[in-house]
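Colleague: quick one, fold the following:
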Amino acid sequence: MDGARVERTGIALVHEGEYIVPKAGSEAVISPEGDSGVIHYYFPVQVEVVGTLPDTEVQRVAGYVFDQLDRELATRI
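Modeller: You can find the predicted model right below:
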């Protein structure tokens with residue numbers, strides 16, 4: 001089976017053995033900070049809310065998503 005272009009950003013279910021190639025510029029960036037030995041990882045994250053919501057609700061949803069992401073990443077340290 002040949003690959004296909006992704007028409008819409010979203011969460012993907014990836015199966016063992018599949019290859020995923022990121023769009024140029026979307027990959028994580030590793031940036032060392034001086035001589036401290038600290039490495040910062042930057043992962044571009046985009047939250048898309050489909051539908052019509054008041055700005056306060058959009059901000060609440062985005063906050064929830066990023067809080068969950070922070071919580072999950074904190075368990076990996």
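Colleague: look up how far residue 8 lies from residue 18.
Modeller: Distance of residue 18 to residue 8, computed by CB to CB, to the nearest Å: 18 Å. For the C-beta atoms, the positions are set from N, CA and C on the backbone; glycine is no exception.
Colleague: higher neighbour count, these two?
Modeller: Just comparing residue 18 and residue 8: by other CB atoms under 10 Å the higher neighbour count belongs to residue 18, 9 against 6.
Colleague: can you give me the pLDDT of the more buried one?
Modeller: pLDDT recorded at residue 18 is 82.
Colleague: so what does it have for phi and psi?
Modeller: With angles defined as degrees, to the nearest 10, residue 18 sits at phi -80, psi 150.
Colleague: would you mind giving the secondary structure of the residue nearest to the spatial centre of the chain?
Modeller: Taking CA atoms, centre = their mean, the centroid of the chain lies closest to residue 45, which sits 3.5 Å from it. The three-state label given to residue 45 by DSSP: H, G, I helix; E, B strand; the rest coil is coil.
Colleague: tell me the pLDDT of it.
Modeller: 72.
Colleague: leaving out sequence neighbours, find the closest residue to it.
Modeller: Using CB to CB, 6 or more residues apart in numbering and skipping the chain neighbours, the partner closest in space to residue 45 is residue 69 (6.8 Å).
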